[in-house]
Each structure stands twice: as C-alpha cells, then as structure tokens.
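S.K.: pasted the sequence and its predicted model underneath.
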Amino acid sequence: MKNVFIHPLALVETDDIGAGTRVWAYTHILPGARVGRNCNIGEHCFLEGGATVGDNVTIKNGNMLWAGLVIESGVFVGPQVLFTNDVYPRSPRLPQARHRYDDTSWLVPTLIEEGASLGAGAIVLPGVRVGRFAMVAAGAVATKDVPPYALLKGNPGRVGGWVCQCGRPLSFDTARAICAFCGLSFQKNSEGVQSCREQESRQLSPSRL
Amino acid sequence: MKNVFIHPLALVETDDIGAGTRVWAYTHILPGARVGRNCNIGEHCFLEGGATVGDNVTIKNGNMLWAGLVIESGVFVGPQVLFTNDVYPRSPRLPQARHRYDDTSWLVPTLIEEGASLGAGAIVLPGVRVGRFAMVAAGAVATKDVPPYALLKGNPGRVGGWVCQCGRPLSFDTARAICAFCGLSFQKNSEGVQSCREQESRQLSPSRL
Amino acid sequence: MKNVFIHPLALVETDDIGAGTRVWAYTHILPGARVGRNCNIGEHCFLEGGATVGDNVTIKNGNMLWAGLVIESGVFVGPQVLFTNDVYPRSPRLPQARHRYDDTSWLVPTLIEEGASLGAGAIVLPGVRVGRFAMVAAGAVATKDVPPYALLKGNPGRVGGWVCQCGRPLSFDTARAICAFCGLSFQKNSEGVQSCREQESRQLSPSRL
C-alpha cells in the first residue's frame, strides 16, 4: 500500500486501504475489510472482514465496524459509536440458538450514506439506513431509517431538526431554507428535505423526461 | 491451559480459562478472573479479578467485566456493554470519599443469568439481576431486575415485550405463547413468563409436593 | 518522571504526569496532555494533547480525553464516558465541511469541576460545565451545565436529586439538609445547593464586604 500510515502499535491484516489513509494505535483491521482513500481511523478500533469504508471518512476512537456495514464517503463516525448487525442476538454458543448461526442469514446490513455524521456514543440498529448528510446526535439511538439532512436525537431517536451539508442547523420558516453559513439552499416537502441543487438534477434526469 | 487460544496481542494473567475458549487482541485478563469453556472473548476487553464467566458465553469487543460480576453460561454480551458495581461512585482518591474505599463494602454484585443477551451499549446498574434468557436492547439502561424472557428497552429501561430462548419475539394473545421458530411454549401469569417445560419441572419438584 | 507507574503495554509520550500516578495497559497519552499527581488512568484510554487532568482523579477504562477538556482534582470518570468538543461534527475530510477545520475555532472546551462523578457511559456535550461534586448517572446525557451537587439522570439529562461531597443522596425536606453519612450540611436556595461551609466562606469573602 502506497502512502498509508500505520501506527507501529496497530495491527493491519489487509492490503485494501487507499492512499493517504492513516491508522492509529491499538487498532485492528482484519482481512476482508476495505478502507478508501484519505481516511483517518482512530485508536482502539476494530474493522471486521466485510466492513466497507469509503473515501474521506473520519472514524474516531473506539469504533467497531462489523461485517455488513457500509460507510460511504465523507462520513464522520464519532467516538464509540455502536453498530449492530443481529436483530435477535444470542450467543452462537448457546445450544438453543446455535443453529441460527450455521450460515450468515442472521446478518442484517447497515448503510451510512455520504457525508452523514454519527455523534459520540450513537447507536445504529441493524438494517438502519442513515441518509445523506444526516446527523445522529451524541447518545441517540437510530431505530429506523434516518432521512437525509435530518438531525436525530434521543432514545429512541426522533427527528428534531435539519442540518446543512456543512453541519449547521437549517431553519425552515417556509418550505425553503438557506444555510446562513455556506449559502446552500434547501426545499422541504412531503418527501423530506433536499438541496435545491439535488432537486434540479433530479428534475433534469432522463427518468423524469 | 489446554486448547485455549490467546491472541499474541492479548495479555492473559490467569490460568483459570476453560478449554475451547478464545481470547482476542488487545484484551487483558487479570489474575483472579475466571472464564469457562468454549467462550469467545472479543478484542479490547478487560476482565478484572473477581469477575466470573460461565461456559458458551460470547463477549463482543470493548467489554469490561469488573469484580463482583457473574455471567452465567450461554450469555451474549454485545459490544461495549457497561457493567457497574458502585452505587455512589466517587474517586477513591478524593479526600471526602476516600474512607468508603478502605474495604470492599462499597462493591455491589451483578448477575446475568443463563442465556440472556445484552445488546450493544446496554448499561446494567449495580446490583441488577438480568433474568434467564432476557434481552436488554441496544442502548437500554437496566436500573432494576429484568424478569426472565423480558425484552427491556429505553433509558430508563422498561419491559416492552418477551422473547424466546432462541431470541425471537413471543406474542401472548392469551396466557400462552408458542415460538413460531423453535416451537417452545410459554405460560404468562402474575409471576411472569416461563417455558412450559420449566413450569412442569417446577410442579414436579419436591418443594411443591 | 518520578514515582509514575506506566504499564509496559501503555504508550506515554509526555513527561507532564505527576508523582504517584499510574497508567495502565493499552492506554495512549499524547504529547501535550497533562495529568496531575496521584491519579489512576485505566486501560484502553486515550489522552490527546490539550487535555488536562488534576490531582487525585480516577479515570476508569475506555475513556478518551480530547483537546479542550479540563478535569479538575478529585473527579471520578466511570468506564467509557464520552466527551465531545464539536457542536456541528462533520468529517474534516468532507469537502463541504473542510474549511471549518482550517483552524481550531470549532473546538468547544468542556469543564468537569472538582470532585464530580461521571457514571458509566455518561455523555457530556461540548461546552458543558459539570459543577463541583455533581454526579452524572450512568447513561445520562449532559446537554447543558450541571449545577454543583446535582444528580443528573436520563437522555436528555434532568436534575433528579442532590448528592453530598461523599457521594450519598441528600434529602431536602426543608431548605437545609445534613448528610446522614458524613455529617456535612447543605443549604438550598434559588442559586442551587451549596455546603454551609462554602456559604460561610463566601459571606466572609472580600467581595461581599
């Protein structure tokens, strides 16, 4: 691997790491895990085979990325965020549950879309999709899909607002909002929130013609 | 120890580990901790002297098992579950609290019974007993005893349903339920939920004759 | 450093640690972090440059102390407490947010005052001040300042009682309470709770004369 920094106290057992990525101390990356370019993988992390990380992702310390998890580009994973992949977890060594783990049909995938943020200690339940640029607040529990640009709070998590691509809160006095910081404009309707640029490109797409 | 796998980056300072058990990287097991047979102890764990683990237990990454904790056989401990053993925690180095830590009378034991599951990031308060085959949901906080077969959710945790020994939800339309997956039948009454097999063996036990 | 114990599996890159302090396995302390005397820093911890810890502090396992965090003397930090320092977290590698991380103006400091306790898995949001001898319960989320001597519970955290310097609950039947365990007396008024000794010294202070 070219231009990949691996701390001497990390253990990296894959070659599938993109250029410019750094892996810090006491972190273990297993064979079969994939990490993109220009990422930062903090300390005390664990990446299992079958976990996939895009480009420009920041993963803070103490995170475990299990098989079935896809983290798209530009995502922020705060400290000790908890991912899950089993809806009915039992010890696979328990006689009453053992048969369920004979194959991997128990494994439910999770998707964190482009540019989303997961705050410190957030919990993402199995099968949940966290939408583009959504923000799950520290300690919030995502029990179902999080819409794009939504701010999720509490346990169980509820949508408590909307955020811009740059991370700042959006204020929808009408169906439109403009980010006071980066100037991006947004439209809110029954389908949720989208940036006006996304809306334009959707209207111009062949499927709408 | 025969047939025990210890990852080269783990630190194990006890011989009290049963056959077939595996201990993974960056995990530290102290003298005085006891682990049964056929367990899996994940990475970045810490087992203190005085912690006890039964057979066939699965302990995912990032768990700390303190003195006073007993985990019975067949239990699932999800990632970064939090155990506690002090009701009035202060720094033992704080002059105003130091005397309380002169002996171990502050230490409150915790019990996780056979076959129970603790979801990712669940928190178990000091002195709590999690009953047989109960399931504490990801992020739930067990502030008091959890009945056998109960599904505990939220912060503070509340019983929100019941689960089978195999982990699947039970639906009590009447006082009886049969698991659609493994066929085990259950009875629900003022004492809680028990499997009909347990009920039979209790009715036949000498103390009831 | 004199009389500092560093476990052979820890990585300590600062000399700024006081006498009598112990640092345990798999913990990484970076250049620029400062730790006082007679502290205990548990396993799997991470202290970033710019984090400051007073004397007689107990830090249990799995804690990450970020830049901008000040922990005063005598504090108890339970296992896997989560500190934060960014109100609008995004990956600094995300093009839409990158400019915000060009300097450190995004960084919001956090203060844990003398003798406070943070329970297992507690979360402290950026900019929050946890007052003297306050206690944040296990799993509670401190979204705003916690008054001195307050017991904070839940997500979001709410004041659910008061505690003595020694950690035991206080019962205010009137505006006064006396700790049944250590005998310290307290006064409660519109400004909150303070020990009578503090009140006396405040009344005698030059600013009040």
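M.R.: Arrived safely. Numbering: from 1, shown residues only, chains lettered A, B, ... in the order given.

S.K.: show me what from chain A comes close to chain B.
M.R.: Proximity of chain A to chain B, by C-beta under 8 Å from any C-beta of the partner chain, involves residues A:11, A:26, A:28, A:44, A:46, A:62, A:64, A:80, A:82-84, A:88-97, A:100, A:121, A:123, A:125, A:141, A:155-156. Every C-beta, even on glycine, is put in place using the N, C-alpha and C of the backbone.

S.K.: 6 Å - rerun?
M.R.: Residues of chain A lying near chain B by C-beta under 6 Å from any C-beta of the partner chain: A:26, A:28, A:44, A:46, A:64, A:82, A:84, A:88-91, A:93-94, A:96-97, A:123, A:141, A:155.

S.K.: state the pLDDT value of the residue lying farthest from the centre of chain A.
M.R.: Using C-alpha atoms, centre = their mean, the residue of chain A lying farthest from its centre is residue A:95. It sits 33.9 Å away. Predicted confidence (pLDDT) for residue A:95: 97.

S.K.: please apply the same query to residue A:199.
M.R.: 71.

S.K.: excluding chain neighbours, what is closest to it?
M.R.: residue A:187 (5.6 Å; C-beta to C-beta, 6 or more residues apart in numbering or on different chains).

S.K.: the one you found: neighbour count?
M.R.: Residues lying near residue A:187 (other C-beta atoms under 10 Å in any protein chain shown) number 17.

S.K.: what strand or helix carries it?
M.R.: strand A:185-189 (DSSP states H and E).

S.K.: count the residues that sit near the closest residue to residue A:19 other than its chain neighbours.
M.R.: The shortest distance from residue A:19 to any non-neighbouring residue, by C-beta to C-beta, 6+ apart, is to residue A:3 (4.4 Å). By other C-beta under 10 Å, 12 other residues sit near residue A:3.

S.K.: same check, this time on the one 10 residues further on
M.R.: By other C-beta under 10 Å, 12 other residues sit near residue A:13.

S.K.: that one and chain C, how far apart?
M.R.: Residue A:13 sits 18 Å away from chain C, taking C-beta to the nearest C-beta, to the nearest Å as the criterion.

S.K.: wait, a strand at residue A:200?
M.R.: No: Residue A:200 is assigned helix when assessed by DSSP: H, G, I helix; E, B strand; the rest coil, not a strand.

S.K.: counting neighbours, what do you get for it?
M.R.: 11.

S.K.: from residue A:147, how far out is it?
M.R.: 20 Å (C-beta to C-beta, to the nearest Å).

S.K.: one more: residue A:31?
M.R.: 35 Å.

S.K.: more neighbours, the two?
M.R.: residue A:147 (17 against 11).

S.K.: OK, contacts around the more buried one?
M.R.: Counting by C-beta atoms under 6 Å, 6 or more residues apart in numbering or on different chains, residue A:147 touches A:131, A:192.

S.K.: can we see that at 7 Å?
M.R.: A:131, A:134, A:159, A:192 (C-beta atoms under 7 Å, 6 or more residues apart in numbering or on different chains).

S.K.: just put the residues you listed in JSON lines and tack on neighbour count.
M.R.: Formatted as JSON lines, the contacts of residue A:147 follow (neighbours: other C-beta atoms under 10 Å in any protein chain shown):
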{"residue": "A:131", "neighbour count": "20"}
{"residue": "A:134", "neighbour count": "26"}
{"residue": "A:159", "neighbour count": "16"}
{"residue": "A:192", "neighbour count": "14"}
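
S.K.: just the ones in strands from these, please.
M.R.: A:159, A:192 (DSSP state E).

S.K.: from the contacts of residue A:147, which is closest to residue B:174?
M.R.: Distances from residue B:174 to the contacts of residue A:147, taken as C-beta to C-beta, are shortest for residue A:159 (37.5 Å).

S.K.: quick one: that closest one from chain B, how far?
M.R.: In terms of C-beta to the nearest C-beta, residue A:159 sits 18 Å off from chain B.

S.K.: go on, residue A:168?
M.R.: Distance from residue A:168 to chain B, by C-beta to the nearest C-beta: 27 Å.

S.K.: stretch A:131-138 near chain C anywhere?
M.R.: Yes: applying C-beta under 7 Å from any C-beta of the partner chain, one finds stretch A:131-138 touching chain C at residue A:138.

S.K.: domain ranges for chain A, per the record?
M.R.: Domain assignment of chain A by automatic domain parsing yields the ranges A:5-165, A:166-209.

S.K.: gap between the two ends of the longest one?
M.R.: It stands for domain A:5-165. 29 Å (C-alpha to C-alpha, to the nearest Å).

S.K.: quick check: pLDDT value at the residue positioned nearest the centre of chain A.
M.R.: By C-alpha atoms, centre = their mean, chain A has its centre lying nearest to residue A:112, at 3.1 Å. As predicted, residue A:112 sits at a pLDDT of 98.

S.K.: which one of the domains of chain A lies closest to residue B:178?
M.R.: Once these are compared by C-beta to C-beta, domain A:5-165 is nearest, at 14.9 Å.

S.K.: so where do the helices sit in chain A?
M.R.: A:196-203 (DSSP state H).
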